[in-house]
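J.: I'll drop the sequence and a predicted model, then ask my questions.
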Amino acid sequence: MPPGIPATPLAIGALVFAALGALLLIAALIALFRVRVFGFAVRLLAAVAFLALGSLFGAIAIGTQGYRALTREDLAARIVVQPAGAQRFSATVRFPDGREASYAVAGDEIYVDAHILKWRPLANVLGLHTEYELARLAGRYRDIEAERRAPRTVYPLGTERPLDLFSLRQQHTFLAPLVDAQYGSATFVPVTNRAELEVRVSTTGLLMRDVSAAK
């Protein structure tokens with residue numbers, strides 16, 4: 001497997017189709033040199049089909065890097081919030097993979113949203129199930145006028161990748177047979193004192209719980 005891409009059935013399928021396509025392309029060129037026009041045409045069409053499938057599977061494998069498979073209700077992140085003044089607070093985000101980042105946030109509430117991909121049964125066979133990725137963290141004001149005029153703070157939470165499947169599905173329809181739905185989900189809670197929050201994602205979307213009392 002290429003570095004950074006897990007050996008999923010989808011990634012393995014991409015490599016298999018790409019290898020078959022390359023072999024058929026070589027066979028097509030051999031048929032062309034031997035002046036076998038029909039054999040050349042058949043092998044070339046098959047090579048193009050296999051290479052196209054390999055490219056599609058590879059694009060999906062790369063595009064889902066950073067996404068996590070959703071089971072029933074998963075812990076997406078823990079966030080420690082600490083007031084730092086009027087409508088100001090800090091937010092330290094700890095991800096399940098060990099990553100940690102801190103942000104200075106403006107607003108009365110902390111807001112988190114995510115991208116969610118739901119796959120069709122055909123994609124389930126290839127090892128793809130409902131997946132999610134936290135997208136961004138922001139501050140939110142209770143007052144609408146403040147939301148319009150006060151300072152805004154927004155930070156990305158997703159990982160960088162050469163191809164974003166969520167955006168790709170919104171731009172192109174060729175993924176429709178595989179992707180049943182793609183949508184965003186968001187949650188927010190007020191920040192009045194120091195608290196530890198759990199951001200969880202379920203089949204119905206994101207939710208945030210204050211788990212400070214449980215410590």
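T.: Received, thanks.

J.: the longest helix seen in the chain packs against which elements?
T.: The longest helix of the chain (DSSP state H) is helix 37-63. Helix 37-63 sits against helix 9-33, helix 165-171, with contacts defined as 3 or more Cβ pairs under 8 Å, 6 or more residues apart in numbering; DSSP states H and E. From N, CA and C alone the C-beta is placed, and that goes for glycine too.

J.: okay, Ala150 and Arg99: tell me how far apart.
T.: 29 Å (Cβ to Cβ, to the nearest Å).

J.: and the helices and strands packed on helix 37-63, which one is worst for confidence?
T.: For the helices and strands packed on helix 37-63, mean pLDDT drops lowest on helix 165-171, to a mean of 63.

J.: just list whatever residues bridge to the closest residue to Ile79 other than its chain neighbours.
T.: Nearest non-adjacent residue to Ile79, counting by Cβ to Cβ, 6 or more residues apart in numbering: Leu197, 4.6 Å away. Note on Leu197: beta-bridge partners by DSSP bridges are Ile79, Asp210.

J.: where does pLDDT dip in the protein?
T.: Across the chain, the ranges flagged by pLDDT under 70 are 1-13, 59-72, 121-129, 161-176, 178-182, 203, 214-215.

J.: mind giving me the domain split of it?
T.: 9-63, 68-214 (automatic domain parsing).

J.: circling back: out of Ala150 and Arg99, which sits in the busier spot?
T.: Ala150 (15 against 11; other Cβ atoms under 10 Å).

J.: that one contacts Ala86, doesn't it?
T.: No - taking Cβ atoms under 8 Å as the definition, Ala150 is not a contact partner of Ala86, at 10.7 Å.

J.: mind listing what the residue lying closest to Ala84 once chain neighbours are set aside touches?
T.: Spatial nearest neighbour of Ala84, chain neighbours left out: Ser90 (5.5 Å); criterion: Cβ to Cβ, 6+ apart. For Ser90, the contact set (Cβ atoms under 8 Å, 6 or more residues apart in numbering) comprises Val81, Gln82, Ala84, Ser102, Tyr103, Ala104, Val105.

J.: what does Leu25 give?
T.: Arg43, Leu44, Ala47, Leu51.

J.: using JSON lines, lay out the residues you listed together with neighbour count.
T.: What follows is those, written out as JSON lines (neighbours: other Cβ atoms under 10 Å):
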{"residue": "Arg43", "neighbour count": "21"}
{"residue": "Leu44", "neighbour count": "17"}
{"residue": "Ala47", "neighbour count": "20"}
{"residue": "Leu51", "neighbour count": "18"}
